[in-house]
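Output the structure for:
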Amino acid sequence: MAFQFLVFILILFGSSLRLLESITAASGIIIGNEIDQLALLEFKQQIYDDPCGVLSSWNDSIHFCNWVGITCGHLHQQRVISLNLQEKGLGGNISPSIGNLTFLHSLNIANNSFHGKIPQEIGNLFRLQVIYFENNTLGGELPISLANCTLLREIHFSNNNLSGKIPVELFTSSSNLELISINSNGLTGEIPASIGNISSVRVISLGVNELQGSIPESLGQLTNLYALALHVNNLSGIVPLSIYNISSLQLISLVYNQLHGSLPQDIGLTLPNLQQLGFGRNLFSRSIPNSISNISTLQVIDLDGNNFVGSVPNNLGDLQNLLLFFMAGNQFGGEAGDLNFLNDLVNCTNLWLLDLQANGFVGPIPNFKANLSTQLLQLLLGRNQISGTIPAGIENLVNLTDLALEGNFLEGNIPSVIGELSNLQRIYLDANRLLG
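Prediction:
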């Protein structure tokens with residue numbers, strides 16, 4: 001009898017467990033349905049402009065997992081894991097109800113006309129991995145609650161009207177951020193030194209803001225960093241030497257700031273993978289290190305509008321991937337043979353633009369027939385102290401669209417072969433000593 005009672009209890013208890021699990025699972029789905037569906041409908045209510053009618057499917061006649069832009073999960077059925085309304089022409093505010101979509105992994109409302117503040121409730125999305133808000137008109141400050149989204153890997157907030165300081169709380173050692181893109185906003189204050197705690201970060205894009213202060217030394221700890229874009233801000237001081245030791249860097253864009261100092265002599269050894277070097281419109285000085293020719297991957301060198309002096313290295317021909325070379329508005333040159341480095345550019349067969357304007361280069365221009373890339377589109381040598389004649393070999397630059405030689409001491413006739421440059425659109429020869 002006792003044995004039978006025990007069996008009965010086990011059967012009853014086991015059945016109760018299965019029943020409880022069924023009820024719990026069922027209620028979980030129902031609750032999940034209600035929470036997610038209601039959150040989406042409240043999100044829709046805050047959108048006043050839907051010119052393409054993309055949200056017309058968001059109604060009770062269709063299950064919300066089949067609404068436009070919605071993806072539900074397989075593991076957690078009927079829970080929204082992705083909201084993608086990119087480039088739908090939508091206008092409105094971001095409803096705080098977005099924070100109720102707690103299974104969301106990806107949130108994309110880029111390229112629309114959303115405005116207002118980013119709600120603090122977004123910090124409830126603890127499963128969120130990527131967020132795309134770029135190209136809207138969102139304002140206000142970055143929500144501190146984003147720090148709660150510890151699984152977040154990518155932040156795309158560029159091209160909005162965000163203001164205020166960058167929250168220090170976003171950058172903790174527990175963060176998994178790999179990409180931070182908040183360029184073209186109105187951010188103020190300094191770059192938090194705590195950003196150096198995120199060992200996983202690969203891209204930092206904070207250009208075109210109103211940031212000030214110095215570049216944190218801690219950025220040198222980011223050994224996985226391959227893009228650092230801090231251009232068009234009010235940054236000052238020197239670039240920390242630790243930055244030049246991040247061998248993974250492929251892009252450094254610091255143009256239009258108030259930075260000073262010089263390029264390290266071993267830059268060509270410590271940054272072997274660099275593709276774009278943007279230091280233009282700052283206060284850098286001294287000369288270009290010869291070691292820069294070791295960076296065979298370089299495609300863009302922008303040193304415009306600084307205080308660089310001396311000669312340009314004669315080994316730049318090793319940069320066979322070079323496309324754009326900006327060095328106008330400096331103090332290069334001043335000695336005979338200043339332009340001899342052009343002879344070495346014969347190997348730069350992909351060069352599109354060479355801008356040497358407003359320097360102190362003297363002496364004659366080498367013969368173009370043997371020297372510059374036939375792919376060259378713009379050759380800008382104006383406002384120097386170049387003498388001699390315009391080389392007849394200039395007809396070899398068959399793709400040239402812009403030729404600027406104004407403000408020099410050029411003599412003789414204008415070569416008739418210039419008429420063979422069928423793509424030429426602009427030519428500047430004023431303020432010389434040309435005849436004929």
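
And the residue sitting nearest the centre point of the chain, what's its pLDDT?
The chain has Ser205 as the residue nearest its centroid, 4.8 Å off, counting by CA atoms, centre = their mean. Predicted confidence (pLDDT) for Ser205: 98.

I figured it hits Ser158, correct?
Yes: if you go by CB atoms under 8 Å, Ser205 and Ser158 touch, sitting 6.9 Å apart. Yep, even glycine has a C-beta here, placed from its N, CA and C like the rest.

residues shared between the contacts of these two?
Counting by CB atoms under 8 Å, 6 or more residues apart in numbering, the residues touching both Ser205 and Ser158 are 181-183.

Among those residues, name the ones in strands.
Per DSSP state E, strands hold the following members of those: Ser181.

wait, which of the shared contacts of Ser205 and Ser158 is closest to Gln46?
Nearest to Gln46, judged by CB to CB, of those is Ile182 at 23.1 Å.

Isn't that closest one up against Gly207?
No: the pair Ile182 and Gly207 fails to qualify as a contact (CB under 8 Å) at a distance of 9.2 Å.

What are the boundaries of the helices in the protein?
Along the chain, counting by DSSP state H, helices occupy 2-45, 267-270.

which stretch in those helices has the least confidence?
In terms of average pLDDT, helix 2-45 trails the rest of the helices of the chain, at a mean of 55.

Tell me who's in contact with Phe126.
102, 148-151.

Show me which of those are buried.
Buried by 16 or more other CB atoms under 10 Å: 102, 148-149, out of these.

how close does the closest residue to Arg79 other than its chain neighbours sit to Leu128?
Nearest non-adjacent residue to Arg79, counting by CB to CB, 6 or more residues apart in numbering: Phe103, 3.9 Å away. Phe103 sits 10 Å away from Leu128, going by CB to CB, to the nearest Å.

Those two: who's more crowded?
Leu128 (24 against 20; other CB atoms under 10 Å).

so who does that one touch?
104-107, 122, 149, 151-152.

got a winner among those residues for most neighbours?
Greatest neighbour count in these, by other CB under 10 Å, goes to Leu104: 27 neighbours.

unless I'm mixing things up, it is touching Arg127, no?
Yes: counting by CB under 8 Å, Leu104 does reach Arg127; the two are 6.4 Å apart.

where do the contact lists of the two overlap?
Listed as contacting both Leu104 and Arg127 by CB under 8 Å, 6+ apart are Ile81.

for Val309, what are its contacts?
Val309 sits next to 285-287, 330-332 when contact means CB under 8 Å, 6+ apart.

Swap in 10 Å and give it another go.
When contacts are counted by CB atoms under 10 Å, 6 or more residues apart in numbering, Val309 touches 285-288, 330-334, 359-360.

and of those residues, the nearest to Gly189?
Taking CB to CB as the measure, Gly189 sits nearest to Ser285 out of those, at 27.8 Å.

Run a quick neighbour tally on that closest one.
By other CB under 10 Å, the residues close to Ser285 number 15.

Check what pLDDT the nearest residue to it once chain neighbours are set aside gets.
Nearest residue to Ser285 in three dimensions, chain neighbours excluded: Asn307, at 4.2 Å (CB to CB, 6+ apart). Note for Asn307: predicted pLDDT of 98.

separation between the closest residue to Thr297 other than its chain neighbours and Ala404?
Nearest non-adjacent residue to Thr297, counting by CB to CB, 6+ apart: Gln275, 5.2 Å away. As defined by CB to CB, Gln275 lies at a distance of 27 Å from Ala404.

do the same with Arg286
27 Å.

Show me which of the two is the more surrounded one.
Neighbour totals were compared for Arg286 and Ala404, and Ala404 leads with 20 against 14 (other CB under 10 Å).

what is the more buried one paired to in the beta sheet?
Counting by DSSP bridges, Ala404 is bridged to Leu380, Tyr428.

Just list the residues touching it, thanks.
By CB under 10 Å, 6+ apart, the neighbours of Ala404 are 328, 355-357, 378-383, 426-429.

Would you reformat those as a markdown table and include distance to Ser293 and pLDDT?
Below are the contacts of Ala404 laid out as a markdown table (distance: CB to CB, whole Å; pLDDT from 0 to 100):
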| residue | distance to Ser293 | pLDDT |
| --- | --- | --- |
| Ala328 | 21 | 98 |
| Asp355 | 19 | 98 |
| Leu356 | 17 | 97 |
| Gln357 | 23 | 98 |
| Gln378 | 22 | 97 |
| Leu379 | 21 | 95 |
| Leu380 | 22 | 97 |
| Leu381 | 22 | 97 |
| Gly382 | 26 | 98 |
| Arg383 | 27 | 98 |
| Arg426 | 31 | 97 |
| Ile427 | 31 | 96 |
| Tyr428 | 30 | 97 |
| Leu429 | 32 | 97 |
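
Just give the nearest non-adjacent residue to His142, would you?
No, residue 142 isn't His; it's Leu. Using CB to CB, 6+ apart and skipping residues adjacent in sequence, the residue nearest Leu142 is Pro167, 5.6 Å away.

Pretty sure that neighbour sits against Ser145.
Yes: using CB atoms under 10 Å, Pro167 is in contact with Ser145, at 9.2 Å.

Kindly tell me how buried Ile301 is, as a neighbour count.
When counting by other CB under 10 Å, one arrives at 23 neighbours for Ile301.

I figured it hits Gln276, correct?
Yes: the criterion here is CB under 10 Å, and Ile301 meets it with Gln276 at 8.3 Å.
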